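[1] Build the 3D model from these lines:
(chains A and B)
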Amino acid sequence: EDQVTQSPEALRLQEGESSSLNCSYTVSGLRGLFWYRQDPGKGPEFLFTLYSAGEEKEKERLKATLTKKESFLHITAPKPEDSATYLCAVRGGSNYKLTFGKGTLLTVNP
Amino acid sequence: KAGVTQTPRYLIKTRGQQVTLSCSPISGHRSVSWYQQTPGQGLQFLFEYFSETQRNKGNFPGRFSGRQFSNSRSEMNVSTLELGDSALYLCASSPEMTGSTEAFFGQGTRLTVV
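    Numbering: from 1, shown residues only, chains lettered A, B, ... in the order given. This is a model prediction of the structure:
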């Protein structure tokens, strides 16, 4: 069964203090690894899809990378508006469902 | 382009009642999936529909059911509600049913069972 573990559960940063979130996964035949951002009371907002080890994607202050066992979401010089829960999910094999991690709650203080 | 629309946004139901939630996918998307989100369990997969057929089902009791219509709109139904069914129910749509296609989520329906 596919498994996704995210760490840390919560991260508090000062504005401008760069850091990384981790997503470790176990999946049979990775078809895609997805990062989402979720604000309180709202649905997850799609950020990135990564398909194969070595792939990198960037969007504003966010950069996602992928290895065969884990993915990192790097946040460079974060701002308070980057505060949210960041979710990682995988799709694998012939089962098309998304398996999510529990998420990392990021708080950026001004 | 309009996003995924879920209705209603909020619901309060009494234990033992049943409820129907609605999801309109992004125009042109044919795959619709449903998830339950709770603070303790996170996002858990309920089921996925493609071309009016259920293709995948998660580990939920038979009280949870769904369907998809010819216009790709989907409904999920929960019968004999229990207190533990209180959650945010999320619908996601994808253009097609392939493993590499990203899913776009709606704002969810917040169900409270009292």
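[2] Can you name the residues of chain A sitting close to chain B?
    Contact residues, chain A versus chain B (Cβ under 8 Å from any Cβ of the partner chain): A:31-32, A:34, A:36, A:41-46, A:49, A:51, A:87, A:89, A:91-93, A:95-103. Where you see a C-beta, it was placed from the backbone N, CA and C, and this is true even at glycine.
[3] Buried ones among the residues you listed?
    In these, burial by neighbour count holds for A:31-32, A:34, A:36, A:43-44, A:49, A:87, A:89, A:91-92, A:95-103, counting by 16 or more other Cβ atoms under 10 Å in any protein chain shown.
[4] Give me the distance between the most centrally placed residue in chain B and chain A.
    Chain B has residue B:34 as the residue nearest its centroid, 3.1 Å off, counting by Cα atoms, centre = their mean. Relative to chain A, residue B:34 is positioned 10 Å away (Cβ to the nearest Cβ, to the nearest Å).
[5] Could you pull up the residues touching that residue?
    The contact partners of residue B:34, by Cβ atoms under 8 Å, 6 or more residues apart in numbering or on different chains, come to B:23, B:45-48, B:66, B:74, B:76, B:89-92.
[6] ditto for residue A:21
    When contacts are counted by Cβ under 8 Å, 6+ apart, residue A:21 is found next to A:6-8, A:11, A:72-73, A:75, A:86, A:104, A:106.
[7] just checking, it is part of a strand?
    Yes - note on residue A:21: a strand contains this position according to DSSP: H, G, I helix; E, B strand; the rest coil.
[8] Test for you: state the pLDDT assigned to whichever residue of chain A sits closest to chain B.
    For chain A, the residue closest to chain B is residue A:31, as judged by Cβ to the nearest Cβ, at 2.8 Å. Listed pLDDT for residue A:31 reads 88.
[9] sec struct for it, please.
    Assigned with three-state DSSP, residue A:31 falls in the strand class.
[10] how about the strands in chain B?
    B:5-7, B:10-13, B:19-24, B:31-38, B:42-50, B:53-57, B:64-68, B:74-78, B:87-94, B:104-105, B:109-113 (DSSP state E).
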